[in-house]
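Asks: A predicted structure for the sequence below; I have some questions about it.
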Amino acid sequence: MAAPVVRANDSSGARGTDTLGADGGAQWALPWGCGVTQVRRFTSADLELFPDGDGKRYEIIDGQLFLSKQPAAGHQLACIHIATALDMWNAQGRSGVVRIAPGVVFADDDDVAPDLVWLSRERLA
């Protein structure tokens, strides 16, 4: 059951109850029986509120919070092999750099942690 958070007025002056739904979205229970869900958009600042070293991976993609376990050993080994091959290819032309598990902030509401990335020298400039 969602707990009431705040009272709100709509444009007609009718009052509804704002509750926080199980999915984290604010749910508006309007008097005339239609419900509207307003989903909370997370930002990079919200990531600072989560604990470090708890074995979980927190990412924000398009304002939505994604939570997953850290990758298993087989996944990590595959990433090492791919990163090694990519780095060997890159060394031939020295056209960029390989980074393992960087935090990448595309925008305030897009803060992700890919397994690895390759960045061209042009992008680094």
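Replies: Alright, I've got the coordinates.

Asks: Against which helices or strands is the longest helix along the chain packed?
Replies: Taking DSSP state H as the criterion, the chain has its longest helix at helix 73-93. Contacts defined by 3 or more CB pairs under 8 Å, 6 or more residues apart in numbering; DSSP states H and E place helix 73-93 against strand 96-100, strand 116-120. In short, each C-beta sits where N, CA and C put it, glycine included.

Asks: got the contact list for the last one?
Replies: This means strand 116-120. For strand 116-120, the external contacting residues (CB atoms under 8 Å, 6 or more residues apart in numbering) are 79, 82-83, 86, 90, 95-102, 104.

Asks: can you check the first one too?
Replies: Strand 96-100 is touched from outside by 79, 83, 86-87, 90, 115-121, 123-124, with contacts defined as CB under 8 Å, 6+ apart.

Asks: Most widely separated two among these?
Replies: Across those, the longest distance by CB to CB is 22.9 Å; it joins C79 and R121.

Asks: if we can go back for a sec, right, and out of the contacts of strand 116-120, which lies closest to V39?
Replies: Of all those, V39 sits closest to V104, with 22.8 Å by CB to CB.

Asks: what pLDDT does that closest one get?
Replies: We have a pLDDT of 78 for V104.

Asks: Residues in a beta bridge with it, which ones?
Replies: Listed by DSSP bridges, the beta-bridge partners for V104 are V112.

Asks: so it touches P114, yeah?
Replies: Yes - with contacts counted by CB atoms under 8 Å, V104 reaches P114, the gap being 6.4 Å.

Asks: Show the average pLDDT along stretch 55-71.
Replies: 85.

Asks: quick one: pLDDT of H81?
Replies: So, for H81, pLDDT stands at 95.

Asks: repeat for the one 4 residues further on
Replies: A85 carries a pLDDT score of 95 in this model.

Asks: Which residues are in contact with it?
Replies: Taking CB under 8 Å, 6+ apart as the definition, A85 has no contacts.

Asks: The one 10 residues further on now?
Replies: Applying CB under 8 Å, 6+ apart, we find S95 in contact with 120-121.

Asks: how far away is it from L119?
Replies: Distance, S95 to L119, by CB to CB, to the nearest Å: 10 Å.
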